[in-house]
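Q: Sequence isn't available, so here's the structure alone:
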């Protein structure tokens, strides 16, 4: 007895599964890749601002005058952010505690470095998504009693 192959009345998929897999993979992969890139940029900027604030407060507390401290802080922050590849504009805020005794021994300095991380855009996304994420880093240090002594 010979058997006949069973033919279904419905049409077979005839290789469309691979096309469906590729389309679904691309639709899922592109947003995932975009999200990973955005998170990496935010993390890079976060690490950069933290490092810049640490370097700036260190340079500030080692300075002997407010004029030189301001210039040195600007250079330290620009250099550190440049090392991390952060090129967006930044803001530096230096606070002293107590306010009247900025570089006196035993006073404290707090430096905050802020920047905005521009997001990589995808044209298909709605405009309601923000175009930048604010990131900041803060560091504090006490002015040494032995600062300026050779």
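A: Received it, and whenever you're ready, just let me know what you need. This structure is a prediction, so every number in the text was calculated from the model and none was measured. Residues are numbered from 1 along each chain as shown.

Q: So, low pLDDT: which residues of the protein?
A: Along the chain, segments meeting pLDDT under 70 span 1-2, 4-15, 121-130, 148-150.

Q: residue closest to the middle of it?
A: Residue closest to the average C-alpha location in the chain (Cα atoms, centre = their mean): residue 45, at 2.3 Å.

Q: where along the protein do the strands fall?
A: With strands called from DSSP state E, the chain shows them at 90-97, 108-118, 132-142.

Q: Please produce a markdown table containing the ones you listed, extended by distance to residue 71 and mean neighbour count.
A: Glycine gets a C-beta too; all of them are placed from N, C-alpha and C. Shown next, in a markdown table, are the strands of the chain (distance: least, Cβ to Cβ, whole Å; neighbours: other Cβ atoms under 10 Å):
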| stretch | distance to residue 71 | mean neighbour count |
| --- | --- | --- |
| strand 90-97 | 12 | 15 |
| strand 108-118 | 14 | 20 |
| strand 132-142 | 18 | 16 |
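
Q: Reformat the ones you listed as CSV; add distance to residue 27.
A: Shown next, in CSV, are the strands of the chain (distance: least, Cβ to Cβ, whole Å):
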stretch, distance to residue 27
strand 90-97, 37
strand 108-118, 25
strand 132-142, 25
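
Q: Surely residue 113 and residue 56 touch.
A: Yes. Using Cβ atoms under 8 Å, residue 113 is in contact with residue 56, at 6.6 Å.

Q: Overlap of the contact sets of these two?
A: Shared contacts of residue 113 and residue 56, defined by Cβ atoms under 8 Å, 6 or more residues apart in numbering, comprise 77, 92.

Q: Just the residues contacting stretch 54-64, thanks.
A: 69, 72-73, 75-77, 79-80, 92, 94, 103, 109-111, 113, 137, 139-144, 147-148.
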